[in-house]
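**Q** Based on what follows, work out the 3D shape:
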Amino acid sequence: MTVTSATPWVALTGILSALAILAVPVGLVLVIVGLVQFFRPAETSPGPEEILKSRYAQGEISLSEYEEMLRAIRGEPS
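**A** Okay, here's the model as predicted:
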């Protein structure tokens, strides 16, 4: 068997074929991950009433302060 100058091209063709075969499943995985992240519901930050409830529940503010702040948040008169 003799070695010809075409041998490097044969090796390159094999490497490129292997990369092409791997590119399909990797591409599918990337598309699936992207779609999952796109359709995942966005996390929302708590609103002012939720923060106020949390502060009252943790004992940071009294009941009267809670009620006063809640009226202020809702725009109700004192």
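**Q** which stretches of this structure aren't confidently modelled?
**A** 1-6 (pLDDT under 70).
**Q** Show me which helix runs longest in it.
**A** helix 7-39 (DSSP state H).
**Q** Show me what the helix or strand just after it is packed up against.
**A** Sequence order places helix 48-57 as the next helix or strand after helix 7-39, per DSSP states H and E. On a contact count with 3 or more C-beta pairs under 8 Å, 6 or more residues apart in numbering; DSSP states H and E, helix 48-57 meets helix 63-74. All C-beta spots, glycine's among them, are computed from the backbone N, C-alpha and C.
**Q** Residues touching the helix it packs on, excluding its own?
**A** 48-49, 52, 55-56, 61, 77-78 (C-beta atoms under 8 Å, 6 or more residues apart in numbering).
**Q** tell me the domain ranges of the chain?
**A** 7-41, 44-78 (automatic domain parsing).
**Q** Buried deepest among those, which one?
**A** Neighbour counts (mean count of other C-beta atoms under 10 Å) averaged over each of the domains of the chain peak at domain 44-78, with a mean of 11.
**Q** All set, thanks.
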